[in-house]
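A.B. asks: Using only what follows, build the 3D model:
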Amino acid sequence: MALLTTQKLFVDVDRGVAYSAWNNFSQAPTPIFYDGDTALLELYLVRSTGRGNFPMESVAFPSSSITAAVGTPGGTAAASGTTWSSISTPTATWSSPTLTVPASATGGSYTLTLSNTSPSLSATTAALTITATAADIEAAIEAAVNAQSGWSAATATISQTGAGQFNISVKATNSSTVYTLTVAVTSSLSGPAGYSGEVAFTGAGVDTLLGSATQVTSTFEVQVADSTKYQTYLQIPCILRKQVTSP
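C.D. replies: Have a look, this model is predicted:
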């Protein structure tokens, strides 16, 4: 069976093509599906802005009535998925000692609040972007704490442990006593609007489409219904394969 992975497709509503990554206009590889599998999908609508510093923009789906299907145009779909869930806005999170900035974020910012109960402290950093480095975070924390009356010598120890993950420890001095500060995050990140769903390749239509062949080229289509109006945003070639081990 294919690995349990999610195929992400960024569908260009103007060109009718699919990209595999945000802000990347290289067309996605031909999707491959396997008889008996359930394909997990994330669908996003995008378009080019023509601006170098912000080349791609997200386009909102007109409704959640989405159909992703594989089959022969003009015939009955061999497999289709019609149940979709809105993809949540990515959120920066804190689980001591780790700050996580999700890779799905495409913009926006977050702030960190450093606090202590007694003596009282609440200091919030300037906004940090998704490209902020460990050094940027360290500087923002120390500047925020040192600016508070009675507090000084703030030291933020930060190590990057993975993509978008930072271990953070913060200490600061008040009246010659060093305190370990509590960290909290407020997220204002943004990401492309999309939907997640699945297409099960388990019906008789899949066997009919494959016939005696071990692999066929078919068509993958994405259609959205808004009231009584239909819009096909994507229709591209795909490959459907039989498996060595049947599920």
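A.B. asks: Could you list the buried residues of stretch 134-143?
C.D. replies: For stretch 134-143, the neighbour count (16 or more other CB atoms under 10 Å) marks Ala134, Ile137, Glu138, Ala139, Ala140, Ile141, Glu142 as buried. C-beta: built from backbone N, CA, C; applies to glycine.
A.B. asks: Can you tell me what sits against stretch 46-54?
C.D. replies: For stretch 46-54, the external contacting residues (CB atoms under 8 Å, 6 or more residues apart in numbering) are 10-14, 19, 22, 25, 55-59, 192.
A.B. asks: Let's test this: name the helix or strand in this structure with the lowest mean pLDDT.
C.D. replies: Every helix and strand of the chain was ranked by mean pLDDT, DSSP states H and E. The lowest is strand 56-59, at a mean of 91.
A.B. asks: Using PDB, write out every CA atom in the helix or strand following it.
C.D. replies: Using DSSP states H and E, the helix or strand that follows strand 56-59 in sequence is strand 66-71. Extracted in PDB, the C-alpha atoms of strand 66-71 (Å, rounded to 0.1, in the frame of the first residue of the first chain):
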ATOM      1  CA  ILE A  66     -16.500  19.900  -3.000                       C
ATOM      2  CA  THR A  67     -16.100  16.800  -5.100                       C
ATOM      3  CA  ALA A  68     -12.700  15.300  -6.000                       C
ATOM      4  CA  ALA A  69     -13.100  12.500  -8.400                       C
ATOM      5  CA  VAL A  70     -11.000  10.100 -10.600                       C
ATOM      6  CA  GLY A  71     -12.400   8.600 -13.800                       C
END
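A.B. asks: So for stretch 109-124, what gets flagged as buried?
C.D. replies: Ser109, Tyr110, Thr111, Leu112, Thr113, Leu114, Asn116, Leu121, Ala123, Thr124.
A.B. asks: what residues are up against the residue positioned nearest the centre of the chain?
C.D. replies: The chain has Ser104 as the residue nearest its centroid, 3.0 Å off, counting by CA atoms, centre = their mean. Residues near Ser104 by CB under 8 Å, 6+ apart: Ile87, Pro90, Gly191.
A.B. asks: CA atoms only: put stretch 103-115 into CSV for me.
C.D. replies: C-alpha atoms of stretch 103-115 as CSV (Å, rounded to 0.1, in the frame of the first residue of the first chain):
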residue,chain,number,x,y,z
ALA,A,103,5.2,25.0,8.6
SER,A,104,1.7,25.6,7.2
ALA,A,105,1.9,29.2,8.2
THR,A,106,2.4,31.5,5.2
GLY,A,107,2.4,34.9,6.9
GLY,A,108,1.3,36.9,10.0
SER,A,109,3.1,37.0,13.3
TYR,A,110,3.1,36.0,16.9
THR,A,111,4.2,37.5,20.2
LEU,A,112,5.7,36.0,23.4
THR,A,113,4.6,37.2,26.9
LEU,A,114,7.1,36.7,29.7
SER,A,115,5.6,36.7,33.2
